[in-house]
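In: Need the 3D shape of this:
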Amino acid sequence: MRILLLEDHPIFRLGLRQVVGQRWPQAELLEADRLADAQRVLRGTTVDVAVADLNLPDAEGIESVMALRRVAPALRILVLSFSTEAAYATRALRSGAQGFLAKDRAAEELVTALERILAGGRYITASLAEQLADLVTGDAPHARHEELSPQEYRVMLQLAAGQRVADIAAAMHLSPKTVTTYRARVLEKIAVSSNAELARYCLTHGLLGDAP
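Out: Model (predicted):
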């Protein structure tokens, strides 16, 4: 069995290696500290599961899950994040991850999460499951950004971070016209009229830490 540890902080990666290695001593543990390095590993090696931090030197946010899946469509992914928001976990799962685990719970729940994912299941913590249930039943406040598509969400974050349309287009391999269309949709769905108002919305909802 091969397990990929995608984490840019050496000390945290060491901790992951120790926990995973104790549970699966015969597993081959592969390591990467950048998305590009992880993609190179996946192009040359079949990996059973990846434990992935999404805040990396060369990529941030949910788009990293999609980037990994594009290289290895069958890859199972456990996302590690400092975020404990149900909305962020939902986006990770919708983007192709099989599990979501907040970093402050990794020591206690990492092995359980990986066992479930390797067995073909999915994993979120009990507290996140309760939050997600509230979202589904309508007991939790509904945020406008939850209605955005993955591409619209990514455009929103980059606009809020001050990126120009041309730069966003280049980063996303889209035409400026397409990005402009996404921008119009985002402004309409979020119910704001300018990039400045969009930035305030993202700051209020704590979204800018996810910006790619």
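In: Do a quick rundown of the helices in the chain.
Out: 10-23, 35-44, 63-71, 86-94, 106-118, 126-137, 150-160, 165-172, 176-190, 195-204 (DSSP state H).
In: and the first one, which residues are buried?
Out: In other words, helix 10-23. By 16 or more other C-beta atoms under 10 Å, the buried positions in helix 10-23 come out as 13, 15, 16, 17, 19, 20. Using the backbone N, CA and C atoms, a C-beta is placed for each residue, glycine as well.
In: ok, the residue most central in space within the chain - contacts?
Out: Computing the C-alpha centroid of the chain and ranking residues by C-alpha atoms, centre = their mean puts residue 62 first, at 3.0 Å. Going by C-beta atoms under 8 Å, 6 or more residues apart in numbering, residue 62 touches 54, 88, 91, 92, 95, 150, 153, 154, 210.
In: Give the PyMOL command for selecting the buried subset of those.
Out: Typed into PyMOL, the next command selects the buried ones out of those (criterion: 16+ other C-beta under 10 Å):
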select buried, resi 54+88+91+92+95+153+154+210
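In: Specify which member of the contacts of residue 62 is nearest to residue 188.
Out: Residue 188 lies nearest to residue 153 out of the contacts of residue 62, by C-beta to C-beta, at 14.2 Å.
In: Skipping adjacent residues, who's closest to the closest one in space?
Out: residue 145 (6.6 Å; C-beta to C-beta, 6 or more residues apart in numbering).
In: Pull the number of nearby residues for the one you found.
Out: Residues near residue 145, counting by other C-beta atoms under 10 Å, number 19.
In: before we move on, what about the one 3 residues further on?
Out: Burial of residue 148 is recorded as 20 neighbouring residues (other C-beta under 10 Å).
In: and residue 189, what does it touch?
Out: Shown in contact with residue 189 (C-beta under 8 Å, 6+ apart): 144, 145, 147, 148, 152.
In: among the residues you listed, which two are most distant?
Out: Spatially, the most separated pair among the contacts of residue 189 is 144 and 152, at 11.2 Å (C-beta to C-beta).
In: Relative to residue 198, how far out is the closest residue to residue 35 other than its chain neighbours?
Out: Of all residues not flanking residue 35 in the chain, residue 59 sits nearest, at 4.1 Å (C-beta to C-beta, 6+ apart). Using C-beta to C-beta, to the nearest Å, residue 59 is found at 22 Å from residue 198.
In: More neighbours: which of these two?
Out: residue 198 (21 against 17).
In: from what I can see the more buried one touches residue 156, true?
Out: Yes: using C-beta atoms under 8 Å, residue 198 is in contact with residue 156, at 6.5 Å.
In: quick one: residue 28 from residue 21, how far?
Out: 10 Å.
In: just to revisit the earlier point, give me phi/psi at the residue nearest to the centre of the chain?
Out: Residue 62 adopts backbone torsions of phi -60, psi -30, taken as degrees, to the nearest 10.
In: Show me the shaky parts of this protein.
Out: 84-85, 87, 131-142, 209-212 (pLDDT under 70).
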